[in-house]
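Visitor: Just a sequence and a predicted model for now, questions to come.
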Amino acid sequence: QVQLVESGGGLVQAGGSLRLSCAVSGGTFSSYPMGWFRQAPGKDRDFVASIGWSGTITEYADSVKGRFTISRDNRRNTMYLQMNSLKPEDTAVYFCARGSLSRLRLGAAEFWGQGTQVTVSS
């Protein structure tokens, strides 16, 4: 059974940084693309970033380009999201997910984590 567990969320001031982690157990982590999504209160869950199985292909939502960096360590079965220059509008629950690159971009995934809260104060 594939399980995804996010960590690293918290409260940060605007302009600050956080690094989220997504630890994956079960399955073959290095064979699958992964992605990050976020859901703000009262809003739909939105695509944030995705990364191919080898880490060479990445894609970002326009709202985070230049500020967020997605990466993965296939030896540690872990994916990361480095978030810099955080803004109050980045406040959301952040989820990691596994799926194909095309489906991740559409918001669909095979497996989801439980989410980690990120709150950015102004």
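Guide: Nice, thanks for sending it over.
Visitor: Please enumerate the helices of this structure.
Guide: Remark: helices assigned in the chain by DSSP state H are 101-105.
Visitor: pLDDT below threshold where in it?
Guide: Within the chain, no stretch has pLDDT under 70.
Visitor: so who does the residue positioned nearest the centre of it touch?
Guide: For the chain, residue 36 is the residue whose C-alpha lies nearest the centre (C-alpha atoms, centre = their mean; 2.4 Å). Taking C-beta atoms under 8 Å, 6 or more residues apart in numbering, we find residue 36 in contact with 20, 22, 48-50, 70, 79, 81, 94-97. Where you see a C-beta, it was placed from the backbone N, CA and C, and this is true even at glycine.
Visitor: Go again with 7 Å.
Guide: 48-49, 70, 81, 94, 96 (C-beta atoms under 7 Å, 6 or more residues apart in numbering).
Visitor: Which single one of those is nearest to residue 63?
Guide: residue 48 (8.3 Å; C-beta to C-beta).
Visitor: Tally up the residues packed near the closest residue in space to residue 49 that isn't next to it in sequence, please.
Guide: Counting by C-beta to C-beta, 6 or more residues apart in numbering, residue 49 lies nearest to residue 70, which is 4.1 Å off, once chain neighbours are set aside. By other C-beta atoms under 10 Å, the residues close to residue 70 number 23.
Visitor: Next, the contact list for residue 70, please.
Guide: Applying C-beta under 7 Å, 6+ apart, we find residue 70 in contact with 36, 49, 51, 58, 81.
Visitor: can you put those in TSV and add distance to residue 116?
Guide: Output for the contacts of residue 70, formatted as TSV (distance: C-beta to C-beta, whole Å):
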residue	distance to residue 116
36	10
49	15
51	18
58	20
81	10
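Visitor: what's the distance between the nearest residue to residue 45 once chain neighbours are set aside and residue 76?
Guide: Leaving aside its sequence neighbours, residue 45 sits nearest to residue 39 (C-beta to C-beta, 6+ apart; 4.1 Å). Using C-beta to C-beta, to the nearest Å, residue 39 is found at 26 Å from residue 76.
Visitor: With residue 31 instead?
Guide: 15 Å.
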